[in-house]
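**Student:** sequence and predicted structure, then a few things I'm wondering about:
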Amino acid sequence: MKKPALPRQNGSAQKKSLSSLLAVVLFLVFFILALCANIIAPHDPWERFDPYLPPSVEHWLGTNDLGHDILSELIYGSRVSLLVGLGAAVLATAIGLCVGLFAGYYKGVTDEILMGITDVFLMIPRIPLIILLAAFLKPSFWIIALVIGFLWWTSTARVVRSKSLQVSEMNFVLSSKCLGFSDKHIIFTDIFPNIIQIVIPKFMLTVAAAMITEASLSFLGLGDPSMKSWGMMINFAFTKGGLINALWWWFIPPGLCIMFFVYSVVLLGYSLEEKEQAVLGIS
Amino acid sequence: MRFLNQASQILGKKPFKKIFILICLLILIPILRSGPRVGYGIAKNQNNRILRIGTSGRVRSANIFLDSYISVFAQLSNPSLMKMTPDGRIVGQIAKDIHISSDYMRWEFHIQEDLYWSDGELVTPEDVKFTIEYIRDRSPVAGWMKDTIDTVSISDEKAVILQLKRPYTRLDVEMATHRLLPKHIWQSIDTPMQYTNPGENVGCGPFFIQKIDLNRGVILFAQNPFWKGPKPKIDAIEVHIYQNIDVLSLALDKGEIDVFYNYASSYPYQNLKKIRANSRFDFIEKLSTGLIFLGLNLGKAPMSDLRFREALSFAIDYGEIIKLDSLGYGKIPNRGFLPPTIEHYKDTTPLEYNPEKAKQILDDSGYGDHNGDGIREGHDGKNLALTLLVRPVHARLAELIQDYLRSVGVKTTTKSVDTSTWINLKDRYRYDLTIARTTPWGMIMHAGWATGYFDSRRTGEGVLHNIDDPKFFKLCDDLLSTRNKEKLRDFAFQVQDYYNGQLPAIPLYWNVFVTPFHTKFQGWLTNPLYGIFNIDNFLNIEPAQK
Amino acid sequence: MKKIARYLLALFIIISINFFIPRLMPGDPITNLMGEDYIVSQESIDALKAELGLDKPLLVQYVTYWGDVIRLDLGHSFHFHTEVSQIIASKLFWTTALVGLSILFGTLFGAILGALSGWGKNDPKNKTLTTFFLWIYCTPPFFLSLVVLYVFAFKIGIFPLRGFYETGTFTDIAKHFFLPVLVLSLSLASRNYMIMRGSIIQEKGKLYILYARAKGLLNRGILFRHAFKNASLPLITLVALDIGFIISGALFVEIVFSMNGMGTLIFDALLARDYPVLQGIFLIITIMVVVANFLADIVYGIIDPRVREQR
């Protein structure tokens, strides 16, 4: 790719870093919440108080239908939600990365086969299939993460492939080849570092997609009822009368948490993408 | 979008985002907290001679013969031979009286003579004969008829005579659930499995189905112009189908529908508080004949051990379940399983929450925790780890049960699956514990007194068929052998004693069914089988006087 | 040619998956046929299974299935008591209307606003727009639907609570469609906006724009004559995929707004293990997605001659 040096847009760099700072802070806050849930949460989320309590000093966000403290549920919920999101995204990115790298490096028949598989996965009706699998397998959050990860790798694979096609034509890769380095060596030491920049933003977007999918599945009642995730909280808020009784402190916060976390992840992804473009000279 | 831009310019640059979110929240919160407003749909609802019923049953097809949801509603247009009275007796509906031979081999139904189909044709014994034969030959749920009914004929006195292959005492009960079909329409329909009729369905009740519009989600009933019985005081009935119970509740609160009805269900307890605050609504509260119970896989250890089952029954906090799962609309059940609303109820020992006693029983009967990891071991020396198989509707109950059992040292894993999977696993006995419910019909099916749920000689979609004790089989056969009131009472007591002694299932609570209705209609009648959805009710209710 | 062969192969595999996955699930179409308190005798179960061909070995069923697919015979459903093609046709009409409108609005507004925002300066107006769409993008569609339904249909009460129509007049249908179309369009627009904005920013940096600028074209003129065309390439692929997926993706909106469309049909058929309906729906979706992708490839070739040479 040609790298034309262009004038940067005025004053946007500073603001951009401000919003990416916000994203990092949000992300870290959720991460710490998940990590130290047992320290931060005011109560054990499984402890039963009186049900349907409105917000009070003791219970900032009230209690749910079983009398669980909603704030503590929310804090513990970050664990499962983040795990599902990150787990699914790690899996999806790993698959996408491998498929894309190999297809882009080896080209020819390998490329044809791998991209053929990608096409199939891209065109499978995803939502019905995921509902089907979630209903079929025991709905534990690991399974859900696995299923989402297994179906969400296609766009990463495509991006990685086209990038590695480009990179593998570059001089330093060609010279490595001439020097007789093994394919494995070239793929992982020469091409991979050049691709990581575009993989990370993709990874972030996959986290977002996975979290939204988990929440949606839970909403349909296909989640794991024995785990507390934000999606499950919304599900129970709606099946147990949160909406009808206008208990907004029950169903709005988990929704907001999903939104905020996804927001932070997406923003991080975009700012990384833009940083990469800045490196390439595109503002 | 332009509004946003202008707003952003007015508010300035940087803080805009936060202010915007803040404003959104400020607008949202009062909206969320305020009550419903009068709006869409209210204007059309001034007519108080049309009764609108809201349901959340998933009606799938416009087939009154085979769709199980529509067939509940179709009892209004296509009544059954028999019906259940508000106090739970089975009496004639289309049949005005019945004669049963003393060996229960010959049943004679005499038919009402002044019934007309909505197209003007007289309802004849031929229609009844046709219907029974049609059900026998073509309905997948009436397999029992094939090996029970030998011939159907019509006597000189125009009575329909059923000659049976074996003595059958409960034919009248069965006949309360099958709908009468007009012979002149249905005789040409060879494959009911592939038949739908979204338009007018000819019926002979006080109302007939005018239209089944599933895209719109309504079933419309109009008055049968040829109905000769007492004239209904309402002009039409509309059944509105909602996919989502909360939206149904909102519609009810807004006055778009007048009453809630789901077969064998209460209005969701958690939605009641809201509708109770609405002064236009009143409530029917009846202890249901159905209940929610913990089913046990009796073929597997340790559930096969009565002592273990006893211990389980003491480990469960019934009071808390009633408080949390039924929000107080339940009663602590007896060990005899059946609720007091059932005929020939026997008052057995109430179930009791006593975790210390549960632990004591477990210790005494060889389920001690010998390796000290907090989980008791079974007789085989392995940790007691049980699978609790549930459907998503019972997720919260499962959570509670899991917690109760954990605190007496029994580990359970909840497996939440959809209904088809549940049926599949349950039929193959791939569970240890499960949560299920009984329906009013389920309580009287088979030999009655909930035997249909436990008798392992027969199966079905919602039943456990987990008892294969010859003693229990004999009790079922005894119940099936007689219509003598004294004898039936005696056998019914014995069945309840059996449940009391053996605990084949642990009832969790007897639930109260609550039905909210708009006070612009009065004179509601319910029966234990179908709640408010019965002909007597729809002939009785009338617009309230203002 | 190669491309066509690959599509056919993909089609073959996906249609096979459509056959096997439902059959791997526990239970079958008869399991949950009549509701919880009915007893279906073993005899009736066997008869029904034979009618559906479920008594034969899986491989025979598979061959029969392909025969049906090729003849486009979708069979009939035990749960809906109708020909599968008829059920799908009646639902497809409404869902296509719902989804078609949403894709139209979502793509149009998303792409144009995204292009303008990417092209323009990073001023508060654009930042607000971006933030707005970013938030929509981060909201699970079902959550958005619920909030919108609650606020507009219940609290404010200016829109109906459920369904495709009540009386069937134009204004009535429009009122019923407004909220679901709004939610779907917004969530589609948010994604399209982000993508369009991103690719316009990239295009902006490319050299040929400088040439165009040097040629003296007006700013907006460059945007729509050059940059927009190229930047819309990734969008075309996505919209092609949307056309298939949105039918299932509309599921959440349909459930919240109680609409009896394709989404709820899929869900019902799944829970009932209604093989013929599931196969029918998946077949339709698959064909639509594959055809849409194929068309997208052609459009790609027309818009961008480089692609034609490459492939």
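**Tutor:** All right, it came through fine.
**Student:** following element in sequence after whichever strand or helix holds A:Val159, please.
**Tutor:** Secondary structure from DSSP states H and E places A:Val159 in helix A:154-168. Next helix or strand after helix A:154-168 toward the C-terminus (DSSP H and E): helix A:171-179.
**Student:** neighbours around the nearest residue to B:Gly57 once chain neighbours are set aside, how many?
**Tutor:** Leaving out its chain neighbours, the residue that sits closest to B:Gly57 by CB to CB, 6 or more residues apart in numbering or on different chains is B:Tyr69, at 4.1 Å. To be clear about C-beta, it is placed using only N, CA and C from the backbone, and glycine gets the same treatment. B:Tyr69: 20 surrounding residues under other CB atoms under 10 Å in any protein chain shown.
**Student:** quick one: average pLDDT of the one helix or strand B:Tyr69 maps to?
**Tutor:** Secondary structure here is read from DSSP H and E; on that basis B:Tyr69 sits in helix B:68-73. Helix B:68-73 shows a mean pLDDT of 92.
**Student:** likewise stretch B:156-174?
**Tutor:** Mean pLDDT, stretch B:156-174: 92.
**Student:** what's the span of that stretch, first residue to last?
**Tutor:** For stretch B:156-174, the first and last residues are 25 Å from each other (CA to CA, to the nearest Å).
**Student:** right, is it up against chain C?
**Tutor:** No: judged by CB under 8 Å from any CB of the partner chain, stretch B:156-174 makes no contact with chain C; its nearest approach is 10.8 Å.
**Student:** enumerate the residues of chain B near chain A.
**Tutor:** Counting by CB under 8 Å from any CB, chain B sits next to chain A at B:28-29, B:32-33, B:246, B:249-250, B:253, B:268, B:270-271, B:273-274, B:320, B:323-324, B:327, B:392, B:395-396, B:398-400, B:402-403, B:413-418, B:421.
**Student:** of the residues you listed, which belong to helices?
**Tutor:** In this view, the residues of chain B next to chain A that belong to helices under DSSP state H are B:28-29, B:32-33, B:246, B:249-250, B:253, B:273-274, B:320, B:323-324, B:395-396, B:398-400, B:402-403, B:421.
**Student:** only the buried subset of those residues, as a ChimeraX command please.
**Tutor:** Buried residues within these, by 16 or more other CB atoms under 10 Å in any protein chain shown, are selected in ChimeraX with:
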select /B:28,32,246,249,250,253,274,320,323,324,395,396,398,399,400,402,421
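**Student:** okay, now the unreliable bits of chain C?
**Tutor:** Confidence mapping of chain C against pLDDT under 70 gives the ranges C:1, C:206-221, C:244-249, C:304-311.
**Student:** revised request: answer the last question for chain A.
**Tutor:** Along chain A, segments meeting pLDDT under 70 span A:1-16, A:135-136, A:138-139, A:274-283.
**Student:** 50 instead, please
**Tutor:** Within chain A, the stretches with pLDDT under 50 are A:1-12, A:279-283.
**Student:** spatially central residue in it, please.
**Tutor:** Centroid check for chain A by CA atoms, centre = their mean gives A:Val207 as the closest residue, at 0.3 Å.
**Student:** shouldn't it be in contact with A:Ala89?
**Tutor:** Yes: with contact defined as CB atoms under 8 Å, A:Val207 reaches A:Ala89; the gap is 4.2 Å.
**Student:** what about A:Phe236, distance to A:Pro253?
**Tutor:** 13 Å (CB to CB, to the nearest Å).
**Student:** one more: A:Val159?
**Tutor:** 35 Å.
**Student:** same for the lengthiest helix in chain A, what does it pack against?
**Tutor:** In chain A, taking DSSP H as the definition, the longest helix is helix A:70-106. In terms of contacts (3 or more CB pairs under 8 Å, 6 or more residues apart in numbering or on different chains; DSSP states H and E), helix A:70-106 is packed against helix A:12-35, helix A:37-40, helix A:108-123, helix A:141-151, helix A:154-168, helix A:192-219, helix A:230-239, helix A:248-279.
**Student:** about what we covered before: more neighbours, A:Phe236 and A:Pro253?
**Tutor:** Taking neighbours as other CB under 10 Å, A:Phe236 and A:Pro253 compare with A:Phe236 leading, 27 against 21.
**Student:** test my guess that that one contacts A:Ile70.
**Tutor:** No: shown here, A:Phe236 and A:Ile70 do not form a contact pair, counting by CB under 8 Å, at 10.3 Å.
**Student:** show me where the stretch 51-200 of chain C has its strands.
**Tutor:** In the stretch 51-200 of chain C, no strands are defined using DSSP state E, counting those that start in this stretch.
**Student:** around chain A, which positions in it sit nearby?
**Tutor:** Counting by CB under 8 Å from any CB, the stretch 51-200 of chain C sits next to chain A at C:121-122, C:134-135, C:137-143, C:146-147, C:150, C:194, C:198.
**Student:** A:Ala215: which of the residues you listed is nearest?
**Tutor:** Sorting those by distance to A:Ala215 puts C:Pro140 at the head of the list, at 4.8 Å, by CB to CB.
**Student:** phi and psi next, for that closest one.
**Tutor:** phi -60, psi 130 (degrees, to the nearest 10).
**Student:** okay, now it: neighbour count?
**Tutor:** Neighbours around C:Pro140, by other CB under 10 Å: 25.
**Student:** kindly report the same for A:Arg126.
**Tutor:** The local packing of A:Arg126 (other CB under 10 Å) involves 20 other residues.
**Student:** ditto for C:Ser199
**Tutor:** Counted with other CB under 10 Å, C:Ser199 comes out at 21.
**Student:** which residues does it contact?
**Tutor:** Contacts for C:Ser199 (CB atoms under 8 Å, 6 or more residues apart in numbering or on different chains) come out as C:Gly118, C:Asn230, C:Ala231, C:Ser232, C:Leu233, C:Pro234, C:Leu235.
**Student:** 7 Å instead?
**Tutor:** Applying CB atoms under 7 Å, 6 or more residues apart in numbering or on different chains, one finds that C:Ser199 lies in contact with C:Ala231, C:Pro234.
**Student:** can you tell me how far it is from B:Thr177?
**Tutor:** Counting by CB to CB, the separation of C:Ser199 from B:Thr177 is 63 Å.
**Student:** returning to what we had before: of the residues of the stretch 51-200 of chain C next to chain A, grab the buried ones for ChimeraX.
**Tutor:** Paste this into ChimeraX to select the buried members of these, with burial taken from 16+ other CB under 10 Å:
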select /C:122,134,135,137,138,139,140,141,142,143,146,147,150,194,198
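**Student:** mind checking which of the residues of the stretch 51-200 of chain C next to chain A are in helices?
**Tutor:** Secondary structure from DSSP H places C:Leu134, C:Trp135, C:Tyr137, C:Cys138, C:Pro141, C:Phe142, C:Phe143, C:Leu146, C:Val147, C:Met194, C:Gly198 of those in helices.
**Student:** number of residues surrounding A:Ser182?
**Tutor:** Here the number of neighbours of A:Ser182 (other CB under 10 Å) works out to 9.
**Student:** how near is it to A:Gly100?
**Tutor:** 19 Å.
**Student:** again, but for C:Thr286
**Tutor:** 24 Å.
**Student:** more crowded one of these two?
**Tutor:** A:Gly100 (30 against 21).
**Student:** give me the nearest residue to the more buried one, chain neighbours excluded.
**Tutor:** That would be A:Val160: by CB to CB, 6+ apart, it lies 2.7 Å from A:Gly100.
**Student:** thinking that neighbour is in contact with A:Leu101, fair?
**Tutor:** Yes: if you go by CB atoms under 7 Å, A:Val160 and A:Leu101 touch, sitting 6.0 Å apart.
**Student:** between these two, which one's more packed in?
**Tutor:** Counting neighbours by other CB under 10 Å for A:Val160 and for A:Leu101 shows that A:Val160 has the greater number, 28 against 24.
**Student:** which residues touch the more buried one?
**Tutor:** Contacts for A:Val160 (CB under 7 Å, 6+ apart) come out as A:Gly96, A:Leu97, A:Gly100, A:Leu101, A:Gly104, A:Ile195, A:Val199.
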